[in-house]
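Colleague: Sequence and predicted structure below; questions after.
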Amino acid sequence: MSRHMPESLRLFNRTHNRPTAATKRERSAEAKARCDRLRKIEDMKLAKEMGVSLSELGAI
């Protein structure tokens with residue numbers, strides 16, 4: 001059930017392809033991991049400034 005697509009549109013789609021759902025999930029997972037790493041670094045800096053361990057900071 002394919003519709004006829006003009007050659008110009010086919011070329012446009014090939015050069016301006018939209019990200020697939022899988023690509024979006026992958027990028028989202030990468031962004032979440034990056035955010036988690038940054039949060040962990042911030043927590044470690046805060047714990048060091050306060051002079052407590054990271055586990056003690058988590059209990060606060």
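Modeller: Sure thing, it's come through. On a predicted model such as this, the values are computed, not experimentally measured, just so you know.
Colleague: now residue 7: how far from residue 17?
Modeller: 16 Å (C-beta to C-beta, to the nearest Å). To be clear about C-beta, it is placed using only N, CA and C from the backbone, and glycine gets the same treatment.
Colleague: Looking at the chain, which helix is longest?
Modeller: If each helix of the chain is counted by residues according to DSSP state H, the longest one is helix 21-50.
Colleague: middle-most residue in the protein, spatially?
Modeller: The centroid of the chain falls nearest to residue 31 when counting by C-alpha atoms, centre = their mean (1.9 Å).
Colleague: now it: how far from residue 38?
Modeller: Residue 31 is 11 Å from residue 38, by C-beta to C-beta.
Colleague: Equivalent analysis for residue 54, please.
Modeller: Counting by C-beta to C-beta, the gap from residue 54 to residue 38 is 15 Å.
Colleague: And for residue 46, the neighbour number?
Modeller: The tally of other residues near residue 46 (other C-beta atoms under 10 Å) stands at 13.
Colleague: Now it: closest residue in space that isn't a chain neighbour?
Modeller: residue 57 (6.6 Å; C-beta to C-beta, 6 or more residues apart in numbering).
Colleague: State the mean pLDDT of the helix or strand containing the one you found.
Modeller: Following DSSP states H and E, the helix or strand that holds residue 57 is helix 54-59. Helix 54-59 shows an average pLDDT of 74 in the prediction.
Colleague: Please name every helix or strand in contact with that helix.
Modeller: Judged by 3 or more C-beta pairs under 8 Å, 6 or more residues apart in numbering; DSSP states H and E, helix 54-59 is in contact with helix 21-50.
Colleague: run the last query once more with 6 Å
Modeller: Of the remaining helices and strands, none touches helix 54-59 by 3 or more C-beta pairs under 6 Å, 6 or more residues apart in numbering; DSSP states H and E.
Colleague: Need the residues that contact that helix.
Modeller: For helix 54-59, contacts defined as C-beta atoms under 6 Å, 6 or more residues apart in numbering pick out residue 47.
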